[in-house]
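Student: I would like the atomic coordinates for the input below:
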Amino acid sequence: MSIHRLGIDLAKNVFELCGMDRNGKVVLRNALRRDQLMEFFAQLPPCQIAMESCGGAHHWARFFQASGHEVRLIAPQFVAPYRKISKNDANDAEAICEASGRPTMRFVAIKSTEQQAMLALHRAQELAKFHLTALGNQVRGLLAEFGVVIPQGPAQLRKALQHPIDLETLPPIARNLFRDLFDQRRELTDRLAQYDQQIAELSKADAQIQRLMTIPGVGPVTATAVVATVDNARIFKNGRQFSAWIGLVPKQKSSGGKSRLLGITERGDIYLRTLLVQGATTVVHHLGAKEDGRSRWIRAIMERRGKYKAVVALAARMACTIWALMTREENYRVLTNDHPVGHR
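Tutor: Presented below is the predicted three-dimensional model:
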């Protein structure tokens, strides 16, 4: 039995395997428990291993690479068309194996432990923001029940809580409750400040992150998120492909030789897309009377298509610029009478 390609359907406890030879004939079907998996691959000659890019995939990919295998990670949506019949673990493993052999298949880059640690910090920061927002809404709603009305928005809530709120007229249970909620909010605020400090320290220690931060609208959070997600931008052919991977290019619905472009695809990494749109919004908001090439370009789009489409267009261009700086290893600079460097 000669296994050329092996598809693995990952799970918590039981892993389904499907192996094919060079002709694409299935030569192995097996289900292994987690403790059996390492022993199996220790005895397996080097081959091509494919998995869906899901939870735990990058950990196993690093392990298989260290064992001498060629590893390919595939986005789940690219595997689904190769599943011939009903969905189960065995059919999923065969579909993964089949998809990995297609010459036009696109694969996911394997992340290092450092990249995953940086992304974990971002996820924890977003979770703390979510909890802080939910807590603020809860405090505002409960205070309104006792006649204390605070305007909407986190800034208004911070401003209101800076001044002591008179709780003495409330029942004892309500006073204790609000003091506890205020303490929770302070703890979450302190935790967010710690996360921001950690991200700032990470940005100072990496030359590539510092390079990306020279782009207007890209700060430490966006720069570290990009580097943690895409360590090697050369896996993309050009900046347009990188922008499409983030989901910032128009959807196309063309037929009969007629091209029809719709709204953006919104595919790919929603977190990166959100950060780029937020950064672009800040740049457009502070556009003022700037007369460099980029500012004139933004202003022209705003006049033709409106502010919001200009924001999305700028976010897409920022993605192209990020790709250019990462591949060329140079800092961002704006020429007065020309387009910004890297916007191609």
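Student: now do the strands in the stretch 1-150 of the chain.
Tutor: Counting by DSSP state E, counting those that start in this stretch, the stretch 1-150 of the chain has these strands, from start to end: 5-9, 14-20, 26-33, 48-52, 70-74.
Student: contact partners for Cys18?
Tutor: Applying C-beta atoms under 8 Å, 6 or more residues apart in numbering to Cys18 gives the contacts Leu6, Gly7, Val26, Leu28, Arg29, Ala90, Ala93, Glu94, Ile96, Cys97. From N, CA and C alone the C-beta is placed, and that goes for glycine too.
Student: quick one: those residues as JSON lines, columns for neighbour count, pLDDT and distance to Lys258 too.
Tutor: Below are the contacts of Cys18 laid out as JSON lines (neighbours: other C-beta atoms under 10 Å; pLDDT from 0 to 100; distance: C-beta to C-beta, whole Å):
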{"residue": "Leu6", "neighbour count": "25", "pLDDT": "95", "distance to Lys258": "44"}
{"residue": "Gly7", "neighbour count": "30", "pLDDT": "95", "distance to Lys258": "40"}
{"residue": "Val26", "neighbour count": "14", "pLDDT": "93", "distance to Lys258": "43"}
{"residue": "Leu28", "neighbour count": "16", "pLDDT": "93", "distance to Lys258": "48"}
{"residue": "Arg29", "neighbour count": "12", "pLDDT": "94", "distance to Lys258": "47"}
{"residue": "Ala90", "neighbour count": "15", "pLDDT": "93", "distance to Lys258": "44"}
{"residue": "Ala93", "neighbour count": "28", "pLDDT": "95", "distance to Lys258": "42"}
{"residue": "Glu94", "neighbour count": "23", "pLDDT": "95", "distance to Lys258": "39"}
{"residue": "Ile96", "neighbour count": "30", "pLDDT": "96", "distance to Lys258": "37"}
{"residue": "Cys97", "neighbour count": "28", "pLDDT": "95", "distance to Lys258": "39"}
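Student: follow-up on the earlier one: put together a markdown table for the strands of the stretch 1-150 of the chain, with distance to Arg317 on each row.
Tutor: A markdown table is the format used below for the strands of the stretch 1-150 of the chain (distance: least, C-beta to C-beta, whole Å):
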| stretch | distance to Arg317 |
| --- | --- |
| strand 5-9 | 39 |
| strand 14-20 | 43 |
| strand 26-33 | 47 |
| strand 48-52 | 32 |
| strand 70-74 | 29 |
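Student: list just the nearest of the contacts of Cys18 to Lys309.
Tutor: Out of the contacts of Cys18, the one with the shortest distance to Lys309 is Ile96. That distance is 38.9 Å, counting by C-beta to C-beta.
Student: please tell me how far that closest one sits from Gln115.
Tutor: 23 Å (C-beta to C-beta, to the nearest Å).
Student: ok, now Gly239?
Tutor: Counting by C-beta to C-beta, the gap from Gly239 to Gln115 is 21 Å.
Student: quick one, which of these two is more surrounded?
Tutor: Remark: of Gly239 and Gln115, Gly239 carries more neighbours, 24 against 17, as counted by other C-beta atoms under 10 Å.
Student: that one contacts Thr321, doesn't it?
Tutor: Yes. Under the criterion of C-beta atoms under 8 Å, Gly239 makes contact with Thr321 at 7.2 Å.
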